[in-house]
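Student: Next come a sequence and a model predicted from it.
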2 protein chains.
Amino acid sequence: MSSLPVPQRARRTPASPIRKLAPLAQAAAAAGTKVYHLNIGQPDIKSPKEFFDGLQQFHESVIAYEPSQGSPSLCDAWSRYTNRTLKLNTKPEHFQITMGGSEALLFAFMACSDPGDEVLIFDPTYSNYIGFAAMSGITLIPVPTSIENEFALPSREEIERYITPKTRAILFCSPNNPTGTIYTHKEQQRLIDISKDRNLYLIADETYREFIYDGSEPFSIFHLDQACENIIVVDSMSKRFSLTGSRIGCLITCNEEILKTCLHFAQARLSCPTLEQYATAYMLDHISDDFVKAIQVEYRHRRDTLHHALSALPGVTSFKPHGAFYTLAKLPVENAEEFARFMLSEFSFAGATTFVAPGAGFYCTEGRGKDEVRIAYVLQAEDIEKAVELLGLGLEAFLKR
Amino acid sequence: MSSLPVPQRARRTPASPIRKLAPLAQAAAAAGTKVYHLNIGQPDIKSPKEFFDGLQQFHESVIAYEPSQGSPSLCDAWSRYTNRTLKLNTKPEHFQITMGGSEALLFAFMACSDPGDEVLIFDPTYSNYIGFAAMSGITLIPVPTSIENEFALPSREEIERYITPKTRAILFCSPNNPTGTIYTHKEQQRLIDISKDRNLYLIADETYREFIYDGSEPFSIFHLDQACENIIVVDSMSKRFSLTGSRIGCLITCNEEILKTCLHFAQARLSCPTLEQYATAYMLDHISDDFVKAIQVEYRHRRDTLHHALSALPGVTSFKPHGAFYTLAKLPVENAEEFARFMLSEFSFAGATTFVAPGAGFYCTEGRGKDEVRIAYVLQAEDIEKAVELLGLGLEAFLKR
């Protein structure tokens, strides 16, 4: 065996709770079991025709590098789209195009911190933040939120208790992955106030901005303060336009220092994929607002279906999420990962089972979330009903073992 | 002005020496000057028909995530292609698909080191390694090589002088960017021996493996030892197939610990672009070896043209590079960056000028390379001749100021 050293960074980067049980699901599927995937935020909505149209318009004979900031046409188109749909006044030069929202988050972490620095997050949190933090050498400090008050933001005093001299930023995601919670304008203003007063960066992950179901309008933190140099917004094409595999995201800030640093990171990795930048720019200039409206109607239906079905399961605690397409549910089990494994490797009913993501992987606090699962309602309503029914039957079987 | 803290990481991430003068080139072009781009490794060769054919074969209606390791069909196809063309015996499960060679390098750095650790490189070096090191919080330790002996690798004793208790890896690139030097089998064996004896990882950047012009066969470090757990190979589609904008690269190793860590990094960023993975897998299974052979013939001609033209310039020191498509040339100026800026903003002849990359940005040692420039011979031979002629005229004008 090799005696090569294994760095702490490797130990601190967890397997994705969303993907780590995938081999069990593959085995179940290979054995002929129909697996309902509620583990991963992979929408089944068709990608926009306008994206494919854009691809067809690409006629270059060389797939060459684009500028490191992003193709000028995409920066322009994305800024225009943002301004039109959100009634904002962003500028193309404040955009850094990235490989999905993922790279924007990694750049944001790295641009505002050194190894050893701290970033506050609200716990539970999007599990991949933990990976980006490990890669950047920074420490995530979890500020607890809880299912009992639908994961609302804590008070200013409570949040400030976690700030230390090493704190460099606060990161939040609204509508939230994994909880489905939308932070109110007042809550987001609270974060701006803290950031300004304590000289911190404020990273707003707005990937799910349009996934809102109860009458409110899509909201960006830029609506509260577009000139604030503390704010870094992360955005993505992945979910809104059902283009997860296109890997097109961006970081938006008017902070020139952050833009410069991110551009240097971007120069090191040269450029984002050319074809997708081209197709996305075309799409943003041609797509109708009906695409997003139709998605909202569809997901509201799915959300209602899920909530109704989950509420009927004995011993399961959940609430009606207002945004994104996830919810966390507390199950009447001690170890939800064990249950998720059981569902994939021991249980099936009428040739089918359900894949959910263990909740503990979404918490930065050891011991929390062990009895929870994250459910992504990215399937059609009738499939969601079946999947939750299987979940109920699985729970019965699991508890009777 | 904002009083937000600027981290050391930002200060340590330099602007790309290849791209930082691009705004001057854009201004020159906007003013009507024809700019010959010898600054950047963007080949003008047409991307393979088989890549576009593969794109046309993609008929999914949702651009969905692929597995984080990479699409199974691409891992299979790349391993098959590597085994066929190099007579090796790689396995698809030893491949981690990445966003260009860039991400593979970042993953390799992060997987074998913690912030504060050291990685040896040979100076001059590919400038973007400096960015990846800053992002990872590691320190590059430059082992000097020099133009006088065509940037050959130093002796074992000389290399070992730079190893400290913090050293985790040795990184090398052959054929080399920016020097064009090919390390001999004996030199590469030396690096394996050191790595094994001193318990270090050995990262081999083989992006330019097929760009060899003097009769040798494409060579991988795996030819010396395919079972060595110290070795991490970085490979890329970008240059070999003129697909720089496709952002498809990979990392290959039989070290299970490194593969696991890289998979966790990959899970955090979810997946690589779906369309390019699909098209690349198709291309690798269908492309003829003639594509690479034709490129070799074309680049040998360009190399010879460049070398001949540079040799005729008074006061310029250069040598005939054996691989990749770069060379470093020493100019009769004190400050080659000043000269490069002069070429773009003050000089033109018959409406044209030449863009070269200042050499200092390719050195990790302060003060070295100030009188050098990197030249990428990625244009057609007649354009290279014109570009070097302009360089000569520019030098005359610059020295006469």
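Tutor: Nice, I can see it. A quick note: this is a predicted structure, and the numbers were derived from the prediction, not measured.
Student: mind listing the strands for the stretch 1-150 of chain A?
Tutor: A:34-37, A:95-99, A:118-123, A:139-144 (DSSP state E, counting those that start in this stretch).
Student: Highest mean neighbour count out of those strands?
Tutor: strand A:95-99 (a mean of 27; mean count of other C-beta atoms under 10 Å in any protein chain shown). Backbone N, C-alpha and C define where each C-beta goes, glycine included.
Student: Next, see if that one gets close to chain B.
Tutor: Yes. Judged by C-beta under 8 Å from any C-beta of the partner chain, strand A:95-99 and chain B are in contact via residue A:99.
Student: List the residues that contact residue A:127.
Tutor: Residues in contact with residue A:127 (C-beta atoms under 8 Å, 6 or more residues apart in numbering or on different chains) are A:14, A:16, A:17, A:18, A:178, A:361, A:362.
Student: Give me the residue ranges of chain A where confidence is low.
Tutor: A:1-2 (pLDDT under 70).
Student: so which of the strands of the stretch 1-150 of chain A comes closest to residue B:271?
Tutor: strand A:95-99 (9.8 Å; C-beta to C-beta).
Student: so what does the closest one touch, helix or strand wise?
Tutor: On a contact count with 3 or more C-beta pairs under 8 Å, 6 or more residues apart in numbering or on different chains; DSSP states H and E, strand A:95-99 meets helix A:72-86, helix A:100-112, strand A:248-252, helix A:256-268.
Student: Show me what it pairs with in its sheet, parallel or antiparallel.
Tutor: Based on DSSP bridges, the pairing partners of strand A:95-99 within the sheet are strand A:248-252 (antiparallel).
Student: report the angle between the axes of the partner strand and helix A:100-112?
Tutor: For strand A:248-252 against helix A:100-112, the angle by axes from the mean of the first three to the mean of the last three C-alpha atoms, to 10 degrees is 30 degrees.
Student: out of the helices and strands packed on strand A:95-99, deepest packed?
Tutor: Note that of the helices and strands packed on strand A:95-99, helix A:100-112 is the most buried (mean count of other C-beta under 10 Å), with a mean of 28.
Student: Off-centre distance for that helix?
Tutor: Helix A:100-112 sits 13 Å away from the centroid of its parent chain (C-alpha atoms, centre = their mean, to the nearest Å).
Student: As JSON lines, the helices and strands packed on strand A:95-99 with distance to residue B:305 would be great.
Tutor: As requested, the helices and strands packed on strand A:95-99 are exported to JSON lines (distance: least, C-beta to C-beta, whole Å):
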{"stretch": "helix A:72-86", "distance to residue B:305": "33"}
{"stretch": "helix A:100-112", "distance to residue B:305": "39"}
{"stretch": "strand A:248-252", "distance to residue B:305": "39"}
{"stretch": "helix A:256-268", "distance to residue B:305": "29"}
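Student: looking at those, which is closest to residue B:331?
Tutor: The nearest among the helices and strands packed on strand A:95-99, by C-beta to C-beta, is helix A:256-268 at 23.9 Å.
Student: helices or strands up against that closest one?
Tutor: By 3+ C-beta pairs under 8 Å, 6+ apart, helix A:256-268 packs against strand A:95-99, helix A:100-112, helix B:8-12, helix B:128-136.
Student: which of the contacts of residue A:127 sit farthest apart?
Tutor: A:14 and A:178 (14.6 Å).
Student: These two - which one has more neighbours?
Tutor: Counted by other C-beta atoms under 10 Å in any protein chain shown, residue A:14 and residue A:178 do not tie: residue A:178 has more neighbours, with 30 against 16.
Student: Tell me the spacing between that one and chain B.
Tutor: 15 Å (C-beta to the nearest C-beta, to the nearest Å).
Student: Identify the residues contacting that residue.
Tutor: Residues in contact with residue A:178 (C-beta under 8 Å, 6+ apart) are A:124, A:125, A:126, A:127, A:326, A:327, A:328, A:357, A:359, A:362, A:374.
Student: and it, that's in a helix?
Tutor: No. Counting by DSSP: H, G, I helix; E, B strand; the rest coil, residue A:178 falls outside a helix, being coil.
Student: Now do the SS call for the residue lying closest to residue A:57 once chain neighbours are set aside.
Tutor: Among residues not flanking residue A:57 along the chain, residue A:282 sits closest, at 5.9 Å (C-beta to C-beta, 6 or more residues apart in numbering or on different chains). Secondary structure, three-state DSSP: residue A:282 is helix.
Student: in terms of contact, does residue A:282 touch residue A:52 like I think?
Tutor: No. Assessed by C-beta atoms under 8 Å, residue A:282 is found out of contact with residue A:52, at 9.8 Å.
Student: Neighbour count for those two, which is higher?
Tutor: Between residue A:282 and residue A:52, residue A:282 has the larger neighbour count (other C-beta under 10 Å), namely 22 against 17.
Student: Please report how far the more buried one lies from residue B:80.
Tutor: Taking C-beta to C-beta, to the nearest Å as the measure, residue A:282 and residue B:80 are separated by 35 Å.
Student: now residue A:252
Tutor: In terms of C-beta to C-beta, residue A:252 sits 42 Å off from residue B:80.
Student: Repeat that for residue A:149.
Tutor: Distance from residue A:149 to residue B:80, by C-beta to C-beta: 55 Å.
Student: what do you get for residue A:154?
Tutor: From residue A:154 to residue B:80 the distance is 54 Å (C-beta to C-beta).
Student: go on, residue A:389?
Tutor: As defined by C-beta to C-beta, residue A:389 lies at a distance of 44 Å from residue B:80.
Student: now do residue A:369
Tutor: In terms of C-beta to C-beta, residue A:369 sits 42 Å off from residue B:80.
Student: returning to what we had before: turn the helices and strands packed on helix A:256-268 into CSV, including distance to residue B:115.
Tutor: Listed next are the helices and strands packed on helix A:256-268 as CSV, based on distance: least, C-beta to C-beta, whole Å:
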stretch, distance to residue B:115
strand A:95-99, 22
helix A:100-112, 11
helix B:8-12, 9
helix B:128-136, 7
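Student: Which one of these lies nearest to residue B:383?
Tutor: helix B:128-136 (25.3 Å).
Student: For that closest one, C-alpha coordinates in CSV please.
Tutor: What follows is helix B:128-136, C-alpha atoms only, in CSV (Å, rounded to 0.1, in the frame of the first residue of the first chain):
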residue,chain,number,x,y,z
ASN,B,128,-1.8,29.4,-14.6
TYR,B,129,-0.2,27.0,-12.2
ILE,B,130,0.4,30.1,-10.1
GLY,B,131,-3.3,30.9,-10.0
PHE,B,132,-4.3,27.4,-9.1
ALA,B,133,-1.7,27.4,-6.3
ALA,B,134,-3.0,30.7,-4.9
MET,B,135,-6.6,29.3,-5.1
SER,B,136,-5.5,26.2,-3.2
